[in-house]
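In: I need the structure of the sequence given here:
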Amino acid sequence: MSSETESEKESKARNRGLKTSTFFFLDSIIIISIARVSMKQDKIRSKISGVFSGIRSQFKSKEDLDLLNGPVGKNLFYLSLPVIVINLLQTMYNLADTFWLGQYSGDALAAITFAFPLVFFLISLGMGLAVAGSVLVAQFEGSGNKERRNYAASQTIGFTALASVILGLFGYYFIGDIVGLLGATGGVAASAEAYLQVISIGLFSMFGFLVFQSLMRGFGDTMTPMVLMLGTVILNIIIDPLFIFGFWIIPEMGVMGAAIATVFSRTLSLIIAVWILFTGRKGLEISLSEMKPDLSFFKRIMNIGVPASVEGTGRSVSVNALTAVMGWTFADPIIAGFGIGIRIFSMVFLPAAALGRGVESMTGQNLGAGNFDRAGKTARDSAKYSFLILTGLGVLVFLLAEPIASVFTPDDQIAGVAAEFLRYVAFSFGFIGVLRSYNGSFRGAGKTVTAAIISISTLGLIRLPIAYWGSTSIGTRGVWAAFFISNIAGAAIAYLWYQRGTWRHSITEDDQSKGEVAEETEGFGDTITEKLGLNKLFPGFLK
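Out: I've put the predicted structure just below:
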């Protein structure tokens, strides 16, 4: 073979150099492109991180708050914000069941429509334990008595378990008869009964997590319950369709499957919650030894908790009674429009109710610490801020009533009824905030009788009679006016009663005397247990 000439060698060398330069150029372009993409990703990650950091900065842990000395408005905001999120998550919880069962069948949706009010009724019965636990923990926390604070939490959990068993047995065996009384028949009644029986079996998971939220809120920590609630909702949304429609080894269970998914997700969250309490990881700690029934402490819980349960069940009954009035008087499109209006109206309660719960905790802690003036300032500031915020929201709802109502229905007539209702009640939104703020302070002071009287009077003695008279004499506008009048009247009653100052004392002293009701009602009774005759049902037990 002939050897390569010098020109051929030079040509090959040039080609190799060209290829090397080309590869280097391409590599440079690739590296630059990757660098640019990486820089863009870094910027995107930085922006996303900034957004999450901004959101995270709006949520404060207990260590970041000073409910006894820090700025009232700032602490109230940071304490109440997670409660608003919890309320929204609870709404999502219910919507998940409604959505998936709506995809399953019309009868399943009808069954859950009958079941939801009864679930709310059962939970309302247990609400008193949650309120009592929150108030006692808050006041003992404010007083600095950690032993009594933990003892109050342990006793509340213990009595919650006992109440869950009793109410669960009642629900399991008698809930079917109640469903029948509501008008459910055939397969719808059977499905509703199956759903409620599963809920009754797992009632401790429902009550227990509710009480955990309340105890932690009284302690001053609303972040931990919010995070747990978020996980519960996500889990429920994921497993709901699996139990409803069936998947792999999980059989199709329809309405009962939705209940099983609910109880399962709540039970898992309760296990974590109980672990947090037993280990004391967040500061509040319970123990089995302190769960031994203490009848004297049970009486204290009853005196605070029974009126709170009465308030919750009374609110539920009044809403159902008002719906019945509408059903007796008006045609279906009007009832449907009223239903949409009530759903939108109830959304206003989310910030108002959250502020009320925040006031409850701050009032409790400050009264426990003897800071009576600061407790009063908390209620006044909350009433002022919520009035301004909700009045502004009311103006927006008034101006955008029809577009808002149209989101929920394509029917112009139904949307028109809902919009008219919203316009009538919009300018009373601020007064709801005032009522909730002062009632929250009454509860924080342990004056749950007062809060119950104001709430039931507003709904049962003012709103319902005016609505009934208005429906027969004026028409729908008479019912709408009943909401407007009762909201203003309820706020006025709460404000004037608060000025009496009977809330200015702590209930956590061991020598706390009987007479909370007598003080509030000028001698009409001694304690709530005597007022309701419970001392006669359990002679010697509640003395």
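In: per-domain residue ranges of this structure.
Out: What automatic domain parsing lists as the domains of the chain is 70-293, 295-543.
In: Columns mean pLDDT and mean neighbour count on top of those domains, output as JSON lines?
Out: C-beta here means a position set from N, CA and C on the backbone, and glycine is covered the same way. Converted to JSON lines, those look like this (pLDDT from 0 to 100; neighbours: other C-beta atoms under 10 Å):
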{"stretch": "domain 70-293", "mean pLDDT": "84", "mean neighbour count": "20"}
{"stretch": "domain 295-543", "mean pLDDT": "80", "mean neighbour count": "20"}
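In: for these, which one sits closest to residue 64?
Out: The minimum distance between residue 64 and those falls on domain 70-293, with 7.2 Å, by C-beta to C-beta.
In: Can you give the distance from that closest one to the centre of its chain?
Out: Offset of domain 70-293 from its chain centre (C-alpha atoms, centre = their mean, to the nearest Å): 10 Å.
In: ok, back up a step: any chance of TSV for the domains of the chain, columns distance to residue 64?
Out: Written out in TSV, the entries for the domains of the chain read as follows (distance: least, C-beta to C-beta, whole Å):
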stretch	distance to residue 64
domain 70-293	7
domain 295-543	15
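In: and residue 408, what is it in contact with?
Out: Residue 408 makes contacts with 340, 343, 344, 415, 418, as judged by C-beta atoms under 8 Å, 6 or more residues apart in numbering.
In: let's go with 6 Å and repeat that
Out: Contacts were defined as C-beta atoms under 6 Å, 6 or more residues apart in numbering; by that measure residue 408 touches residue 340.
In: Find the residue closest to residue 471 in space, skipping its chain neighbours.
Out: residue 329 (4.5 Å; C-beta to C-beta, 6 or more residues apart in numbering).
In: I meant to write residue 363 there.
Out: Nearest to residue 363 is residue 444, by C-beta to C-beta, 6+ apart, at 3.0 Å.
In: Which residues are in contact with that neighbour?
Out: With contacts defined as C-beta under 6 Å, 6+ apart, the neighbours of residue 444 are 360, 363, 364.
In: The last one against residue 139, yeah?
Out: Yes - with contacts counted by C-beta atoms under 6 Å, residue 364 reaches residue 139, the gap being 4.8 Å.
In: now the residue positioned nearest the centre of the chain: how far from residue 352?
Out: Averaging the C-alpha coordinates of the chain gives a centre point, and the residue nearest to it by C-alpha atoms, centre = their mean is residue 87 (3.4 Å). As judged by C-beta to C-beta, to the nearest Å, residue 87 and residue 352 stand 10 Å apart.
In: next one: residue 487
Out: 11 Å.
In: shared neighbours of these two, which are they?
Out: Looking at what touches both residue 487 and residue 352 (by C-beta under 6 Å, 6+ apart), the common residues are residue 432.
In: How much space separates residue 84 from residue 417?
Out: Note on residue 84: its distance to residue 417, by C-beta to C-beta, is 29 Å.
In: for residue 371, same thing?
Out: When C-beta to C-beta is the yardstick, residue 371 and residue 417 sit 48 Å from each other.
In: Could you pull out the strands in the protein for me?
Out: In order along the chain, the chain carries no strands (DSSP state E).
In: Quick check, residue 204 in contact with residue 164.
Out: Yes - look at residue 204 against residue 164 with C-beta under 6 Å: they come within range, at 3.7 Å.
In: quick one: contacts for residue 305?
Out: Residues near residue 305 by C-beta under 6 Å, 6+ apart: 128, 129, 131, 132.
In: Pick the one among the residues you listed closest to residue 320.
Out: Distance ranking of the contacts of residue 305 against residue 320, using C-beta to C-beta, places residue 128 first at 19.6 Å.
In: Is the closest one in contact with residue 311, as I believe?
Out: No - here residue 128 does not reach residue 311: they are 8.6 Å apart, not a contact under C-beta under 6 Å.
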